[in-house]
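Trainee: build me a model from this:
(one chain, ligands or ions: 1)
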Amino acid sequence: MYPGALNAAGKIDFVFLLLFGFSVLVLAGITAAMIYFVYKYSRKRHPVPSDKADNMLLEATWIVIPTIIVLVMFWYGWSGFKALREVPEGAMTVKVEGYSFGWQFEYENGKKSKELVVPAGVPVKVEITSRDVLHSFFIPAYRIKIDAVPGQSTYVTFTADKEGEYDIFCTEYCGVGHSKMLSKVVAVPQEKFDAFLAEQAPSGGNAAALALFDKHGCTGCHSFDGSAAAGPTLKDIFGRKAIVTAGGKEKEVTSDEAYLKEAILNPEASIVKGFEPIMPPYAGQIPDAELQQMLEYLKGGGAPAALDGKAIAENAGCIGCHSTDGSVVAGPSLKGIAGRQVEVVTGGKARKITSDREYLKRSIVQPEADIVKGFDPIMPPFDQFKPEELEAVITYMESLK
Ligand code: CUA
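Mentor: As a prediction, the model looks like this:
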């Protein structure tokens, strides 16, 4: 048995031993009685069946004793269950989502991770659901095993008593990648957990800065891919020359740091030619530190390549079905996938294609369009990516040679 690493584990182990003990006892008792009766009441010794009358005492005994046994088992089973369901006050909540094939954990501040990081000694409420099919969330060391059901949220609570790393499995057969649904509980001291929480997206500084553009709503009007929307694109904006209207007069400006800062905080001061003066002022809206981080990002060109395609692919769950080392899980490996010749089935017909960027893009957004020969059409469409994220993922795929 896994060593228990949880306060409730002792209770659950006790229930297990109790049920196991009674089961052994009942099995041994029934088997012994059976063998004894076979011998004692064989036809050789009793050619004529005896005609015994009812025995009240005997019947009462075999009703009362098993009833007590069952109630005792229920009582301890219930208390073990309660230990996993009574959420202590001050518990922190972590959302768990199972998907084919992996686990995603989301913390109260919106941070996501692939491993369940918790502070030791702090009660945690885990809310469990599934993105697609039935999975089952299993942490043997904590004696936790809860089904993850699509469209339903259930919960369990635990307090990691000891620091350490404990396995997480999926224990409901959910498809070809079932055995790949491995993760870990990482119980760390509170300070380490706080540092983990404060860390921005796992893909590092660029992604963190990029997230700020989303957070403040910039990306609704400003693209990163060079296309104009309601406002000018942010791609290569730093150092770009632009004609602006300021105070009713047109002039040429170079968008340096001072200009960009002004354009964010006080946009109506100068309007880039060809655009409407619709941007609201952000003065007092964006904390200085965040503004600085965004400006630094723009200085770097604000190019989509700054996105970490690897982190995006991992977060989206691609790696659950597509290995990066050439091995085949549920789908083709991503190793060497870019540029190779591949036979696909399109509308029932087999054809040969080259997996270029266009093809890779389509195979992510619209995977059912062409199915690689030898694979099942099981991949759901991944249309949640922003164009620049999709580009980053494909760039990452191209790097896997
Ligand atoms: Cu998910 Cu098995």
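
Trainee: up against the ligand, what does this protein have?
Mentor: Proximity of the chain to the ligand is confined to 98, 135, 170, 172-174, 178, 181 under the rule CB under 6 Å from any ligand atom. Glycine gets a C-beta too; all of them are placed from N, C-alpha and C.

Trainee: can you flag which of those belong to helices?
Mentor: Assignment to helices by DSSP state H places none of those there.

Trainee: neighbour-wise, give me the winner out of those residues.
Mentor: Most neighbours among these, by other CB atoms under 10 Å: residue 135, with 32 neighbours.

Trainee: would you confirm that that one contacts residue 177?
Mentor: No - using CB atoms under 8 Å, residue 135 makes no contact with residue 177, being 10.7 Å away.

Trainee: before we move on, the earlier item: in TSV: the residues of the chain next to the ligand, plus pLDDT.
Mentor: Shown next, in TSV, are these (pLDDT from 0 to 100):
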residue	pLDDT
98	91
135	94
170	94
172	92
173	93
174	89
178	87
181	86
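
Trainee: wait, isn't residue 11 in contact with residue 80?
Mentor: Yes - using CB under 8 Å, residue 11 is in contact with residue 80, at 4.6 Å.

Trainee: pLDDT weak spots in this structure?
Mentor: Across the chain, the ranges flagged by pLDDT under 70 are 1-7, 50, 200-207, 301-306.

Trainee: in it, spot the helix with the most residues.
Mentor: What stands out as the longest helix in the chain, according to DSSP H, is helix 7-40.

Trainee: next secondary structure after it?
Mentor: helix 56-85 (DSSP states H and E).

Trainee: chain center to that next one: distance?
Mentor: Mean-position distance between helix 56-85 and its chain equals 39 Å (CA atoms, centre = their mean, to the nearest Å).

Trainee: which strands and helices sit next to that helix?
Mentor: In terms of contacts (3 or more CB pairs under 8 Å, 6 or more residues apart in numbering; DSSP states H and E), helix 56-85 is packed against helix 7-40, strand 154-159.

Trainee: the shortest one pairs with which strands?
Mentor: Think strand 154-159. strand 123-130 (antiparallel) (DSSP bridges).

Trainee: could you tell me the angle between the strand it pairs with and helix 56-85?
Mentor: Orientation check (axes from the mean of the first three to the mean of the last three CA atoms, to 10 degrees): strand 123-130 against helix 56-85 gives 100 degrees.

Trainee: who touches strand 123-130?
Mentor: With contact meaning CB atoms under 8 Å, 6 or more residues apart in numbering, strand 123-130 is reached by 87-88, 90-99, 116, 118, 137, 144, 146-160.

Trainee: list the buried residues in that strand.
Mentor: For strand 123-130, a neighbour-count test (16 or more other CB atoms under 10 Å) marks 123-126, 128-130 as buried.

Trainee: picking up where we left off before, separate out the buried members of the contacts of strand 123-130.
Mentor: Buried among these (16+ other CB under 10 Å): 87, 91, 94-99, 116, 118, 137, 144, 146-149, 155-160.

Trainee: please name the nearest non-neighbouring residue to residue 346.
Mentor: Excluding its sequence neighbours, the residue lying closest to residue 346 (CB to CB, 6 or more residues apart in numbering) is residue 370, at 4.8 Å.

Trainee: around the one you found, how many other residues sit close by?
Mentor: The number of residues near residue 370, taken as other CB under 10 Å, comes to 20.

Trainee: again, but for residue 235
Mentor: With other CB under 10 Å as criterion, residue 235 counts 19.

Trainee: for the residue nearest to it when sequence neighbours are not counted, give me phi and psi.
Mentor: Once flanking residues are discounted, residue 235 sits nearest to residue 226: 4.5 Å by CB to CB, 6+ apart. Torsion angles at residue 226 (phi, psi; degrees, to the nearest 10) stand at phi 100, psi -10.

Trainee: now do the contacts for residue 226.
Mentor: So residue 226 contacts 233, 235-236 (CB under 8 Å, 6+ apart).

Trainee: distance of it from residue 356?
Mentor: 20 Å (CB to CB, to the nearest Å).

Trainee: now residue 278: phi and psi?
Mentor: Main-chain torsions, residue 278, degrees, to the nearest 10: phi -110, psi -10.

Trainee: isn't it right next to residue 230, touching?
Mentor: Yes - counting by CB under 8 Å, residue 278 sits close enough to residue 230 to count as a contact (6.6 Å).

Trainee: which one among the contacts of residue 226 gets closest to residue 344?
Mentor: Closest approach between the contacts of residue 226 and residue 344, by CB to CB: residue 235, at 32.9 Å.

Trainee: distance of the residue in the stretch 251-400 of the chain that the ligand sits nearest to from residue 390?
Mentor: Distances between the stretch 251-400 of the chain and the ligand by CB to the nearest ligand atom are smallest at residue 320, namely 9.1 Å. Separation of residue 320 from residue 390 (CB to CB) stands at 18 Å.

Trainee: can you tell me which of the helices and strands packed on helix 56-85 is packed in deepest?
Mentor: Among the helices and strands packed on helix 56-85, strand 154-159 has the highest mean neighbour count (mean count of other CB atoms under 10 Å), at a mean of 19.

Trainee: now do it: everything it contacts.
Mentor: Around strand 154-159, the neighbours that count as contacts under CB under 8 Å, 6+ apart are 6-8, 84-88, 91, 121-129, 137, 139, 142, 144, 146-147.
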